[in-house]
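Visitor: Quick one, what's the 3D model for this:
(chains A and B)
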Amino acid sequence: MPNHIQLKDSHRETRINNARTITAVLLVMGLLGVILARYYALQVTEYEVYRTESERNRVQLQPLPPKRGLIYDRNGELLADNRPSFMLSIVREQVPDLDATLAELGEMLPISEGDLANFQKKLQRRRPYEAVPLRFRLTGKERALLAVNRYRLPGVVVDAQLLRYYPHGELFSHAIGYVGRINEEEVLYLDESDYRGTFHVGKVGVEKYYEDILHGDVGYQNVETNAHGRVLRVLERFDPKPGTDLVLHLDINVQRAAVDALGDRRGAVVAIDPLTGGVLALVSTPGFDTNLFVNGISSVDYSALRDSLDVPLFNRAIQGQYPPGSTIKPFMSMAGLESGLVTTETTVPDPGWYSLPGDSRKYRDWILRIRGTGHAPRVDMKMAIAESCDVYFYDLARRLTIDRMYDYLKPFGLGERTGIDTTNEGRGVLPSTRWKRDAMGQAWYPGETISAGIGQGYMLTSPMQLAVATSVMASKGVRRTPRLLYSIDGEPIAAPLLDPIVVPEEYWAAVYEGMVEVVHGKRGTAKALAKGIEYQMAGKTGTAQVIGIAQGAVYNEEDVAERHRHHGLFIAFAPAEAPTIAVAIIVENGGGSSAASPIARAVIDTWLFGHSGFGDSG
Amino acid sequence: MADYLRQMPHQGSADLARRPSAVSRFHIDIPLLLLLLALTAYGLIVLYSGSGKDMGAVIRQGRYFLLAYFIMFIVAQLSMGQIMRWAPWLYVAALGTLVAVMLVGVGAKGAQRWLSLGGFRFQPSEIMKLILPVTVAWYLADRTLPPRFLHIMVALILIGLPAALILQQPDLGTALLIAASGLFVLFIAGMGWRYIFGAVVLAVASAWPAWMFVLKDYQKQRILTMLDPESDKLGAGWNIIQSKTAIGSGGWDGKGWMKGTQSHLDFLPESHTDFIIAVMSEEFGLRGVLVLMAIYLLILLRGFLIGVRAQSSFGRMMAGSLTLTFFVYIFVNMGMVAGLLPVVGVPLPLVSAGGTSVVTLMAGFGILMAISTEKSTGPR
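Guide: Below is the predicted model of the structure:
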């Protein structure tokens, strides 16, 4: 341009440009070197770190919870089933704002404080990308709501899961127990890996006792998931080993007969097959719907059960402790025969009362109040059992002394846990001088031996113990640990055998004679049961005095009156010539044994014939 | 004076020293073309995987490339004289469209970058990427080099106007790229080192006020995220964590084509656009990255060589600036995906899916070819 003073020097400009271009080349090479170094660092130096990270992204280890073993009764009737149930879980990694999501879910469906607390606890222990359950047992409506709002709730998953279901609810509540959500204490002792993906564990009863067998072994699968947590394919799979199905000795018909016969009374029935030691019925009323516990019982339902005067959660059959009353007499008779203190010929004078030599105190026979006199001028063993003569056993007890009584009664399993395959078994008390010294720090008084002779005083037994003792009686001394479990995988599991009671055959016959007379004799205390009976039943009635009121609670007048009535007891086995069932029954505050004995007839009839018409006509 | 220096191109037939060839007649730089074709092919292969085996995306990108190569050929036919004559007018027009964008532009993701003309949408800032260096080079070509202070100031105004307009959109990445393309012209022109160092010192000194007053929150967040991606693992940091994981897990050998788990399982965001280098790194490993960098390096060296061989200082400045700008794309993209630089929307040149940047870049290579062939066809 004309007004430019300086002439452009093209060579100089070329030199300048080229020098700068060369500078640029060096700069570019240097910076590319930086980039290269960075990629080298990521891809070579830190390769392992990122490879692991990308695998963690891609591959998720998912636990495959095993299917819990089913429980059947001896007829193949399903007692504990698994049913699909839907649960709501959250994958924390995929939720942008957990609090907001929880709040939103809370508006859609009920989520209790307990659910939230459980969820928060599990959240702390989860693995990355593991779905943590928040709500169980979603209703169809709740599932629909969640499905509609799914797009707004990333990380919220609805899964189907198999959940325990008890088709017979209340009927077997105390016989098989139930499962419930794993709680904090259980987390501590359960094998963490074995229970990954499992949310329930046996809490009581057979469900707890056989937890190991029922649970099975957890499986795993490695799945490839995308960034949204969707499972794209299964890379590797180790199938879970399902829990083993259990078949129990329980017979639903016998169980139902017992429950029906008890009706709305409080009580317990235990029936045992003396040939196998198998428990045919285990009833405690009132029961409760075990299904309530499977997913965490609501606090309202729970307080109702817990605070009920009838204590439905209490398993009377094995936890209950009752004085055996006169049901002890057959066993006392056996003790008398074994000790040689009495024979079948021995008779005892019965004025209707008994007193210790040199003691003016009168121990009354129950019949005195009714007839004003004794059972007969002289009473032998058969009559003493059949008519439940107290004086005969007062005398026998005195002669035996408490410690020898203890020695002879103990083999029948009284006053100790039977070892049945369920939980929470009570121990009972078979008193002795030593027991009293240890337990109470006191010496034994001779008068206490007298009341012990008719199953009163310190003596306490559970219906299960009474049933076991009756079963030992029925099997003529063969002792077995009672078993609910009949077979695993079709393999019968024999009840453990204990040392038998070996006595001459005629001793058994003598006691049987008396017990048969109880039912079939003209003056038997349970002769009402003989009506229309087609087999020989051996039994023994009992009445237990109610001393105090459980738990010292305050009841109203009406309740006190009812709850002060005597407990009715009855033990029996049949058919007497070849027993296949032994039962023990207690009806709390039934007033007397007549409340309990008809139940035995119903249970035994049902076991022997599949049904019972007894008592239908009134 | 410019006319005096400029060597008007002759027709190929007039060149006595060389055998006339179709190639020289069509102003094609064969090495550059071959390198670009190699890059295109490599890019499309990676894109097929990065887009989730979407053949449609590959075909669409292929069409963009056809268009871009066509535009490159057209631009390559221009003479330096034509380019210089049009430069100021194009600059004014482009500036006008940027103003128009500000007034009637179409927004996307909170930024107004697009201008819609009869159903055809385009991004004026993209055109500016080419026009600005041309304009600055045109301005400086008439001055004595190295440029004096006054000329540097004028050039800075030429650079500042479009950069400021684009920053308003807001599009920090593009504004910086455009400013850089103009500054590179000044650099090749021989702007004194004292100015350059002065500018660097000024830039460092202004970092704090820029942080306080200029940068928007989301821009600050990007920088913070780059420095510590773990601080927001599921939010802003996610992209960078996942892209680093993709790159690192590729190792030396790579996981194999279409076997990248990070991209195919959706862990990697934007796997077919800005983050495509992560797909390549994951599937082809460091080996694949080295191949890409080798191609890029050869293209850059070819670009610089064209600059060194250029007849005019205009050509030298243009070639240097275009090549350096191309490099900035590479550096910023590869740096941000690897967590070296904050995440700004800069594609990996000629590999990332997208039409506009491909067309702009190829038009730039058209200018490079025009510069290159100007020499080979003109007498010395």
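Visitor: For stretch A:193-209, list every residue counted as buried.
Guide: For stretch A:193-209, the buried set under the neighbour-count rule, 16 or more other Cβ atoms under 10 Å in any protein chain shown, comprises A:194-209. C-beta: built from backbone N, CA, C; applies to glycine.
Visitor: ends of that stretch, how far apart?
Guide: Taking Cα to Cα, to the nearest Å, stretch A:193-209 runs 20 Å from one end to the other.
Visitor: go on, stretch A:288-297?
Guide: Terminal-residue distance, stretch A:288-297 (Cα to Cα): 12 Å.
Visitor: so how many other residues sit close to the residue of the stretch 401-550 of chain A found nearest chain B?
Guide: The nearest approach of the stretch 401-550 of chain A to chain B comes at residue A:489, 42.6 Å away (Cβ to the nearest Cβ). Residue A:489 has 10 neighbouring residues, counting by other Cβ atoms under 10 Å in any protein chain shown.
Visitor: measure the closest residue in space to it that isn't next to it in sequence to chain B for me?
Guide: Using Cβ to Cβ, 6 or more residues apart in numbering or on different chains and skipping residues adjacent in sequence, the residue nearest residue A:489 is residue A:244, 6.1 Å away. With distances taken as Cβ to the nearest Cβ, to the nearest Å, residue A:244 is found 39 Å from chain B.
Visitor: Residue of the stretch 151-300 of chain B nearest chain A, please.
Guide: For the stretch 151-300 of chain B, Cβ to the nearest Cβ, closest residue to chain A: residue B:248, 2.5 Å.
Visitor: Residue A:293: what's it in contact with?
Guide: Counting by Cβ atoms under 8 Å, 6 or more residues apart in numbering or on different chains, residue A:293 touches A:178, A:179, A:180, A:203.
Visitor: Confirm that it sits in a strand.
Guide: No: checked against DSSP: H, G, I helix; E, B strand; the rest coil, residue A:293 lies outside a strand; its state is helix.
Visitor: which residues of the stretch 1-150 of chain B score low on pLDDT?
Guide: B:1-24, B:105-122 (pLDDT under 70).
Visitor: Just the element for residue A:147, please.
Guide: Element membership for residue A:147 (DSSP states H and E) is helix A:140-148.
Visitor: Not counting its neighbours along the chain, what's nearest residue A:208?
Guide: That would be residue A:202: by Cβ to Cβ, 6+ apart, it lies 3.8 Å from residue A:208.
Visitor: helices and strands around the helix or strand that neighbour falls within, which ones?
Guide: Assigned by DSSP H and E, residue A:202 belongs to strand A:200-204. Counting contacts by 3 or more Cβ pairs under 8 Å, 6 or more residues apart in numbering or on different chains; DSSP states H and E, strand A:200-204 is packed against strand A:178-181, helix A:205-209, helix A:211-215.
Visitor: okay, which residue is most central for chain A?
Guide: The centre of chain A sits closest to residue A:205, judged by Cα atoms, centre = their mean, with a distance of 1.5 Å.
Visitor: Settle this for me: that one is touching residue A:180, isn't it.
Guide: No: Residue A:205 lies out of contact with residue A:180 (Cβ atoms under 8 Å); the separation is 11.6 Å.
Visitor: ok so residue B:262 is a helix residue?
Guide: Yes: according to three-state DSSP, residue B:262 belongs to a helix.
Visitor: Run me through the strand neighbours of the strand holding residue A:202, direction for each.
Guide: strand A:178-181 (antiparallel) (DSSP bridges).
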